[in-house]
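[1] attaching a predicted model along with its sequence, questions to come.
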Amino acid sequence: MVLGVGVDIITLTRMKDVVDTSGAVFLNKVFTPWEQERSRTHPDPVAYFAATFAAKEAIFKTFGTGWDEGGEFTEIEIRDGPHGEPLAVLSGKFAELAARRGATRVLVSLSFDGDYAIGMATLT
Ligand SMILES: CC(C)(COP(=O)(O)OP(=O)(O)OC[C@H]1O[C@@H](n2cnc3c(N)ncnc32)[C@H](O)[C@@H]1OP(=O)(O)O)[C@@H](O)C(=O)NCCC(=O)NCCS
């Protein structure tokens, strides 16, 4: 059963600006140590950060809650599946929210075109 859907779009230009101006403060607030390490081997770290951010926002939207209910961007980790597909791993508040909803999976899909990165997510 589909329990929630979410989508988010961001430009690579906007992500580059944020990384350039806020640097480590932004990166540590949003990306887990595993994701930051992954970005170092990615051919295009800005595109990687943009798509990963869009995935996290899309997953946040599947819950339909506000940030004031708690939850950190770093409690959503976007990993690489065996075939290159993104896999979401929830922890902390987001894992709690998913359990409370009776959700067993968060499916996520990413796409790029030019300056745009988009993430969409489904909670099942
Ligand atoms: C609520 C949030 C999802 C808004 O995201 P956003 O990127 O500013 O806005 P988007 O255009 O992607 O999404 C807006 C739409 O999301 C939906 N939305 C709003 N709050 C939502 C929520 N709590 N749950 C699900 N969907 C929500 C609404 O349909 C909204 O459209 P509306 O403004 O016409 O009502 C929120 O996570 C947020 O403000 N994130 C911070 C953004 C940020 O840090 N940006 C820095 C980027 S580098």
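    Sure, I can see it.
[2] give me the contacts around the one helix or strand Gly119 maps to.
    Assessed by DSSP states H and E, Gly119 sits inside strand 116-123. Defining contact as Cβ atoms under 8 Å, 6 or more residues apart in numbering, one finds that strand 116-123 is touched by 2-12, 15, 47, 50-51, 53-59, 61-63, 88, 98, 101, 103, 105-112. C-beta coordinates here come from the backbone N, C-alpha and C atoms, glycine included.
[3] what pairs with that strand, parallel or antiparallel?
    Strand pairing for strand 116-123, using DSSP bridges, gives strand 4-11 (antiparallel), strand 106-113 (antiparallel).
[4] out of the contacts of strand 116-123, which are close to the ligand?
    Asp8, Met15, Glu57, Lys61 (Cβ under 6 Å from any ligand atom).
[5] out of those residues, which is most surrounded?
    Tallying neighbours with other Cβ atoms under 10 Å puts Met15 at the head of those, with 23 neighbours.
[6] can you pull the contacts of that one?
    Val46, Phe49, Ala50, Phe53, Ala117.
[7] phi, psi of the first one?
    In this case it means Val46. phi -60, psi -40 (degrees, to the nearest 10).
[8] once you drop chain neighbours, what's closest to it?
    Lys16 (4.9 Å; Cβ to Cβ, 6 or more residues apart in numbering).
[9] try the second one
    For Phe49, the nearest residue in space outside its immediate sequence neighbours is Met15; the separation is 5.4 Å by Cβ to Cβ, 6+ apart.
[10] does Val18 touch Phe26 like I think?
    Yes. Counting by Cβ atoms under 8 Å, Val18 touches Phe26, with 5.4 Å between them.
[11] get me the contact residues on the protein for the ligand.
    Asp8, Arg14, Met15, Val18, Glu57, Phe60, Lys61, Gly64, Thr65, Gly66.
[12] my read is the third one is in a helix, agree?
    Yes. Met15 forms part of a helix when assessed by DSSP: H, G, I helix; E, B strand; the rest coil.
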